[in-house]
Structures are given as C-alpha cells and as structure tokens.
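*Asks:* One predicted model, sequence on top.
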Amino acid sequence: MDYEAQTDEELAQLCEGGDERAARELVSRFERPLFSLIRRTVRDQELAEDLAQEAFVRAFNHLDSFDPSYQFSSWLFKIGHNLAIDHVRKKGLDTVSIEGAPDAVSQERQEATSITLEARGERPDEVAEARALGDEIEEAIGELRPEYRTAVMLRHIEGHSYREIAEIMDTPLGTVKTYIHRARGELQDRLAHLRPEGSEA
C-alpha cells in the first residue's frame with residue numbers, strides 16, 4: 001500500500017485498525033505544524049514537544065471518536081490547542097512575553113531562512129536583514145494574546161479557513177474573525193516602524 005498517497009482521514013481509519021505504518025505517516029505529516037502551533041502558545045520548546053507528543057497519544061487513543069467526514073488535521077490541532085491553552089490557564093498566563101524565551105526564534109527557522117536566501121543568491125547583509133525582519137515579526141506575534149497567536153498562525157501560516165479555525169479552537173466563527181482582526185491591528189501597531197514613510201497601513 002502506498003501510504004503517502006492516502007488521505008489523512010484514510011490513514012486515521014487505518015490507524016484505528018492498528019496499522020502502525022499509517023500512524024507513522026500521520027506523525028510525519030503533522031509533527032512540525034502541531035509542534036509549531038503549540039510552541040507559539042506556550043512559548044517553551046521542551047514543553048511544546050511534550051504537549052505535541054501527548055496530543056498524538058490522545059488522538060491515537062481516541063480514534064474511535066474521530067468522524068472521518070471531517071478533516072483529521074482540524075481534529076488533531078484541536079487536541080493540541082486544548083492542551084496548550086489548558087497549560088497557559090493553569091499557569092495563570094495571558095500574554096507571554098518573548099523576552100527570556102530561548103526558543104522564541106527557533107534555530108531551525110533561522111537556518112531555513114538563511115539557506116533559502118543564500119540559494120537565491122542573496123548577499124550576506126541581505127540575509128542578515130531578512131533574518132532580523134523575521135525576528136521582529138516573530139517577536140510581535142509572540143507578544144499577542146495566546147488565542148490571537150493561535151488564530152493568526154492557523155490562518156496565515158497553516159492556511160486554514162475561518163471555519164476550520166473555529167472548529168480547532170472550539171470558538172464561534174465570529175469570535176475567530178474578531179481574534180484575527182484584532183491581532184492584525186496589534187501587529188500593524190507593533191510593526192509600524194517597518195513601513196516606509198508615507199505608506200498606508
């Protein structure tokens with residue numbers, strides 16, 4: 001069987017039947033985006049790794065409750081999101097500052113940025129400038145409230161629709177739209193110094 005050709009939902013059904021290769025394929029597909037989603041909420045790399053692993057364990061242990069007429073990714077991300085938000089609430093956190101978070105701008109992302117720019121023939125100073133810009137954007141996102149961060153990441157990084165985000169976050173559609181609208185406004189304010197003089201917001 002060509003596992004790579006199977007849809008996520010088909011793989012989930014195979015997993016429910018005890019197919020370990022299907023489970024490995026699902027982990028391979030979603031471990032990075034799931035980790036990234038959780039890390040941006042809890043702002044701690046090791047904790048995010050633990051919570052992502054726990055999310056997979058919970059998902060695989062409760063596949064009998066998964067409805068294959070829905071997207072597996074939305075269901076899995078919802079599990080991960082709930083774990084992350086539960087942790088934030090237990091710690092009594094609201095906005096988690098990026099300061100002091102060693103993983104705020106991941107080494108992996110920095111290296112990927114450099115490799116991409118260098119492959120395009122960018123000069124070292126241009127690579128450094130692009131990395132600095134990316135760091136500023138990451139900082140600004142890191143200073144958003146957890147629910148804003150999650151909504152923005154799901155929309156603009158993972159490419160989910162508003163309806164899918166509402167499902168993942170277990171939040172009304174209108175609330176999701178409000179989160180994203182407010183997050184965009186906050187990001188525009190935080191990054192206003194990056195806009196050329198005379199440009200419109």
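*Replies:* Thanks, I have it.

*Asks:* give the contact list for the residue nearest the centre of the chain.
*Replies:* By C-alpha atoms, centre = their mean, the chain has its centre lying nearest to Leu37, at 2.5 Å. Applying C-beta atoms under 8 Å, 6 or more residues apart in numbering to Leu37 gives the contacts 77, 80-81, 84, 150, 153-154, 158. In this view, the C-beta of every residue, glycine as well, is placed from N, C-alpha and C.

*Asks:* One more: Glu46?
*Replies:* For Glu46, no residue meets the contact criterion (C-beta under 8 Å, 6+ apart).

*Asks:* Repeat that for Ile180.
*Replies:* For Ile180, the contact set (C-beta under 8 Å, 6+ apart) comprises 148, 151-152, 155, 162, 165.

*Asks:* Out of the residues you listed, which is nearest to Asp19?
*Replies:* Of all the contacts of Ile180, Asp19 sits closest to Ile165, with 29.7 Å by C-beta to C-beta.

*Asks:* can you tell me the helix or strand for that closest one?
*Replies:* Per DSSP states H and E, Ile165 falls inside helix 162-169.

*Asks:* Return the helix or strand in the chain with minimum mean pLDDT.
*Replies:* The helix or strand of the chain with the poorest confidence is helix 107-119; it has a mean of 45 (mean pLDDT, DSSP states H and E).

*Asks:* what's the spacing between the helix or strand hosting the residue nearest to the centre of the chain and its chain's center?
*Replies:* Using DSSP H and E, Leu37 falls within helix 20-42. How far helix 20-42 lies from its chain's middle: 10 Å, per C-alpha atoms, centre = their mean, to the nearest Å.

*Asks:* Buried ones in the helix or strand just after that helix, by neighbour count?
*Replies:* For helix 20-42, the following helix or strand on the C-terminal side (DSSP H and E) is helix 45-61. Neighbour-count burial for helix 45-61, counted by 16 or more other C-beta atoms under 10 Å, picks out 45, 47-48, 51-52, 55-56, 59-60.

*Asks:* Quick check: next helix or strand after helix 45-61?
*Replies:* Per DSSP H and E, helix 45-61 leads on to helix 72-90 as the next helix or strand towards the C-terminus.

*Asks:* Give the rounded mean pLDDT of that next one.
*Replies:* Averaging pLDDT along helix 72-90 yields 90.

*Asks:* And the residue nearest to the centre of the chain, how far from Phe30?
*Replies:* For Leu37, the distance to Phe30 (C-beta to C-beta, to the nearest Å) stands at 10 Å.

*Asks:* With Asp64 instead?
*Replies:* The value you get for Asp64 to Phe30, if C-beta to C-beta is used, is 19 Å.

*Asks:* Have a look at those two and say which one is more surrounded.
*Replies:* Using other C-beta atoms under 10 Å as the criterion, Asp64 and Phe30 rank with Phe30 on top: 21 against 6.
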